[in-house]
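Enquirer: below: sequence and its predicted model.
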Protein chains: 2
Amino acid sequence: MKLLIYNTLSRTKENFLPLKKGEVGIYVCGPTVYGDSHIGHAKSYVSFDIIVRYLRYSGYKVKYVQNITDVGHLVGDIDEGEDKIEKQSKLEKKHPMEIAELYTQSYFSDMDKLNILRPNISPRATGHITEQIEMVKNLISKGFAYEVNGSVYFEVNKFKGYGKLSNRKVDELSEGTRIVVSKEKRHSADFALWKKAEKGHIMQWQSPWGNGYPGWHLECSAMSIKYLGESFDIHGGGIENQFPHHECEIAQSEAVTKKPFVKYWLHNNMVTVDGKKMGKSLGNFTTLKQAFKKFNPLEIRFFILQSHYRSTLDFSETAIEGAKKGYEKLLNVYSQLKKFCENKNYGEVSISLKKYNDDFITAMNDDFNTPQAIAVMFDLSKEIYKITSSENLLNKKSTTDVLQFITEKGKDILGLFSDENLKTESAIDKELIELLIQTRNEARKLKQFSLSDFIRNNLSKLGIILEDKKDKTEWKKKK
Amino acid sequence: MKLLIYNTLSRTKENFLPLKKGEVGIYVCGPTVYGDSHIGHAKSYVSFDIIVRYLRYSGYKVKYVQNITDVGHLVGDIDEGEDKIEKQSKLEKKHPMEIAELYTQSYFSDMDKLNILRPNISPRATGHITEQIEMVKNLISKGFAYEVNGSVYFEVNKFKGYGKLSNRKVDELSEGTRIVVSKEKRHSADFALWKKAEKGHIMQWQSPWGNGYPGWHLECSAMSIKYLGESFDIHGGGIENQFPHHECEIAQSEAVTKKPFVKYWLHNNMVTVDGKKMGKSLGNFTTLKQAFKKFNPLEIRFFILQSHYRSTLDFSETAIEGAKKGYEKLLNVYSQLKKFCENKNYGEVSISLKKYNDDFITAMNDDFNTPQAIAVMFDLSKEIYKITSSENLLNKKSTTDVLQFITEKGKDILGLFSDENLKTESAIDKELIELLIQTRNEARKLKQFSLSDFIRNNLSKLGIILEDKKDKTEWKKKK
């Protein structure tokens, strides 16, 4: 079966054929580390985590590079305004590198909780100043860039392909756009490769053009080429970075190497709140740390994967609540099967996995269609539930096969279950509480009310409240 | 009370007086990231973690910088041999930066488990090539360094203070040592600031002297000065790095700045195995990941803190087993008190903490004497145990005060307890199992044997086996 990937460059789904047989190089634009990550970041990095996981599952040796932007990303995004990290460093009264350190840690800590695999290399922009300066020198010597007052700009009119990713024409960019035209630029679409450090700018380095710092777009070209080569397979990022960021990356990279920069451009869509993009600058964001207080991180992961990476995802707590219910159903089936297997608790029913397997792979091969893949998981869980809620159980082979299917698909590819998570969700204490409730019910049947009160009172001391409902006893933790 | 710190420069304990009132800048030599950390690393970084924690507790605003060496550390240590990271990258068939990434993650993951606070900045050597090149240029222009065949060496005879940390004389260094004399060096004690990249060397950068990479010692000077200033308070590291590493740092830094580089040099002693230094190159090491399989990381932390940071620590599993017992005693007292406090379970006994407090602070002020500080914690726990094992309990004020003492001293300063750790040790499931055992005993008293069997059988299904002993019922997990 062939893997189809939607390539923004061609605006079609294409057969995936890597440049080098059996190997995939992938670069994904990472975070600018000046604040805690929000749900929007989670969608981006969960999306590419799935892609990396699935490519590995499909047998490719994947080298995954994702940068950390710790310099050069300006508040105005387009060559204007304060450096985002320096701005934050003034607010927090810390060195910019402390800010970068703090929020890099915060980022990885959140991503780890979302069960996102670490990239193979997480290069920092400040860690590649030499490489960036070399690239600027190269672009000037080849006639693609010019220096003005200690800053260096890329001249878009010199590069024929400018606009090929975002389907824009250089001529149109000069009119109608709201780009602040810097007087230093020959064309309003020209972009900074190197910026002169203004007075008081902390993050600065010596260069042939005086002290300064790299332009935002440059780091991605310098670092992706360094670690993945002059041409590589996949470049990913948020849809909002198609232009100008990725367009600029293509221009500066191909101008230097004279080779196609990237074969497949993949863009994930955004998280919206009431239809508007969730963004740090828009102020309508929910940080992951906030969200993790209410939801298990894997419930959020599941919520994200229930929509396709190229679709928008409208965020609300109600929507996650809904996803959570579905997630728990899958988790329960998995936990239950694991227990059956551990306790060698088998019946006679057998089940065929071929269709589920085919459907799952078909879904994932269709541009990583995770909602469809999850639907397959649900179909399987329904069939299993039907069996286990009857008087019979799956036989040994089917139990093992289904468990392997769920491990491979749900745990390894979709990353929905972790050992930690299973331990928490199916933790022994839940079962112990259930056992105490059953014991209490037995005691009441036997009219041993002192004993049933003993259980209720001691559970209460441990912070667990029992509530007798019509036909069953429920429990909750004391607030 | 004054804080005394043993300064290797003066070979005496000195009053600690930071350069800027109320603030401390501290730099500690971090790991070379080409393998998993071992017990020896744990001792180094636990030692400096304590120092940082105690300085913060004492009211200082501490900026803690600890580097990550990801280039330039050669197998021969002294300007000879393969780069350690490149060597490992060939073994693992990965890019050197993947090796650095992998083992940096591994390092922080282990340190997090040991409850070591993250440094404020963890600069990477490869992330500061520009700064290092600037420093070399500066040293050449000031006459302290010379270039030969694309490599640059520091000329120790030009710097008068060379040897002042390790009490060595340059003249003596030329004789009797086993340093491989490079033909390029004017004096055998000269050291590389920049090394020409030989054919096939992957980690290399353009420089005024051709393609190459920084010498091992250089990064620490460039990065400490960048983030802490030309003179700063404390530089820490392993005793084995006094010479040549720290001696070279002083030489190159003071030659550039003409200022005293570091006010207090602190060196931690090593971990030994049967009297010999534990080291990666010696092959007698136990990685932390191995050790964590047998011991709770905080037991290892406790084991380390039971000896002074300037003493050697002989490692054996038996020794950790011994420490573990002591640790559990402290943990139990703390857990028990927390529970008393949560359940408002108080008696009438009061306790005076003044002496414990004074003794603890006296110990820590005496060059961070953690074994002595831990002894104070034990004295207190003995007094508490004596009380709680009688018929009475501490009164409310004393319970709260002791809890605060243990939190402040044991948790915040010594880092011996974490919320996670306490949760594990006093986990609710243990209490639920105890409650089920009690319920079963009640049922048996009431001669409700069907109920007591119900509990036993259902616990068994959950993998918990009850064993009725003479006077109590014990439980264990099914293997």
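Expert: That came through fine.

Enquirer: wait, doesn't residue A:246 sit right on residue A:237?
Expert: Yes. Counting by Cβ atoms under 8 Å, residue A:237 is a contact partner of residue A:246 at 6.1 Å. Heads up, the C-betas are built off the backbone N, CA and C, glycines and all.

Enquirer: so for the two, which residue has more residues nearby?
Expert: Comparing residue A:246 with residue A:237 by neighbour count (other Cβ atoms under 10 Å in any protein chain shown), the higher total belongs to residue A:246, at 26 against 22.

Enquirer: per-residue confidence for the more buried one?
Expert: At residue A:246, the pLDDT value in this model is 97.

Enquirer: per-residue confidence at residue A:81?
Expert: Reported pLDDT at residue A:81 in the predicted model: 81.

Enquirer: now it: how far from residue A:173?
Expert: 20 Å (Cβ to Cβ, to the nearest Å).

Enquirer: same question for residue A:283.
Expert: From residue A:283 to residue A:173 the distance is 29 Å (Cβ to Cβ).

Enquirer: do residue A:94 as well
Expert: 38 Å.

Enquirer: settle it for me: which of those two has more neighbours?
Expert: Ranked by neighbour count (other Cβ under 10 Å), residue A:94 and residue A:173 place residue A:173 first, with 21 against 17.

Enquirer: and residue A:334, that one's in a helix?
Expert: Yes. When DSSP: H, G, I helix; E, B strand; the rest coil is applied, residue A:334 is found to be in a helix.

Enquirer: what helix or strand is the closest residue to it other than its chain neighbours on?
Expert: Nearest non-adjacent residue to residue A:334, counting by Cβ to Cβ, 6 or more residues apart in numbering or on different chains: residue A:406, 5.1 Å away. Assessed by DSSP states H and E, residue A:406 sits inside helix A:396-406.

Enquirer: over to residue A:133?
Expert: helix A:129-141.

Enquirer: and that helix, is it in reach of chain B?
Expert: Yes. Using Cβ under 8 Å from any Cβ of the partner chain, helix A:129-141 reaches chain B at A:129, A:130, A:131, A:133, A:134.

Enquirer: can you select the buried ones from the residues you listed in ChimeraX?
Expert: Per 16 or more other Cβ atoms under 10 Å in any protein chain shown, the buried members of these correspond to this ChimeraX selection:
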select /A:129,130,131,133
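
Enquirer: quick check: pLDDT value at residue A:320.
Expert: The per-residue pLDDT reported for residue A:320 equals 95.

Enquirer: ok, now which ones touch it?
Expert: Neighbouring residues of residue A:320 by Cβ atoms under 8 Å, 6 or more residues apart in numbering or on different chains: A:291, A:294, A:295, A:299, A:300, A:303.

Enquirer: what's the farthest-apart pair in those?
Expert: Greatest spatial distance in those: A:294 and A:303, 11.9 Å, computed using Cβ to Cβ.

Enquirer: out of the two, which sits in the busier spot?
Expert: residue A:303 (25 against 13).

Enquirer: excluding chain neighbours, what is closest to that one?
Expert: residue A:323 (3.8 Å).

Enquirer: in this structure that neighbour contacts residue A:307, no?
Expert: No. The criterion here is Cβ under 8 Å, and residue A:323 misses it with residue A:307 at 9.9 Å.

Enquirer: now the strands for the stretch 101-250 of chain A?
Expert: Listed in chain order, the strands of the stretch 101-250 of chain A (DSSP state E, counting those that start in this stretch) span A:145-148, A:151-154, A:191-196, A:212-214, A:232-238.

Enquirer: helix/strand/coil for residue A:430?
Expert: Criterion first, three-state DSSP; result for residue A:430: helix.

Enquirer: any idea how far it is from residue A:475?
Expert: Counting by Cβ to Cβ, the gap between residue A:430 and residue A:475 amounts to 9 Å.

Enquirer: now residue A:340
Expert: 24 Å.

Enquirer: comparing these two, which residue is more hemmed in?
Expert: residue A:340 (20 against 14).

Enquirer: those residues of the stretch 251-400 of chain A touching chain B, which are they?
Expert: Contact residues (Cβ under 8 Å from any Cβ) of the stretch 251-400 of chain A with chain B: residue A:343.

Enquirer: give me the residue from the stretch 251-400 of chain A nearest chain B.
Expert: At 7.2 Å from chain B, residue A:343 is the closest residue in the stretch 251-400 of chain A, using Cβ to the nearest Cβ.

Enquirer: with chain A instead?
Expert: Distances between chain A and chain B by Cβ to the nearest Cβ are smallest at residue A:127, namely 3.2 Å.

Enquirer: identify the residues contacting that residue.
Expert: By Cβ under 8 Å, 6+ apart, the residues touching residue A:127 are B:124, B:126, B:127, B:128.

Enquirer: now do the helices in the stretch 51-200 of chain A.
Expert: For the stretch 51-200 of chain A, the helices defined by DSSP state H, counting those that start in this stretch cover A:84-92, A:96-113, A:129-141, A:170-173.

Enquirer: I'd like those helices written out as a markdown table, with mean pLDDT added.
Expert: Listed next are the helices of the stretch 51-200 of chain A as a markdown table, based on pLDDT from 0 to 100:
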| stretch | mean pLDDT |
| --- | --- |
| helix A:84-92 | 93 |
| helix A:96-113 | 97 |
| helix A:129-141 | 98 |
| helix A:170-173 | 76 |
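
Enquirer: my guess is residue A:114 contacts residue A:303, does it?
Expert: No. Using Cβ under 8 Å as the test, residue A:114 is too far from residue A:303 to be in contact (10.8 Å).

Enquirer: related to what we said a few turns ago, out of the residues of helix A:129-141 next to chain B, which one sits closest to residue A:263?
Expert: Lowest distance from residue A:263 to those (Cβ to Cβ) belongs to residue A:131, with 22.3 Å.

Enquirer: how close does that closest one get to residue A:30?
Expert: Residue A:131 sits 16 Å away from residue A:30, taking Cβ to Cβ as the criterion.

Enquirer: before we move on, back to that, mind checking the strands of the stretch 101-250 of chain A for the one nearest to residue B:164?
Expert: Comparing those by Cβ to Cβ, strand A:212-214 comes nearest, at 37.5 Å.
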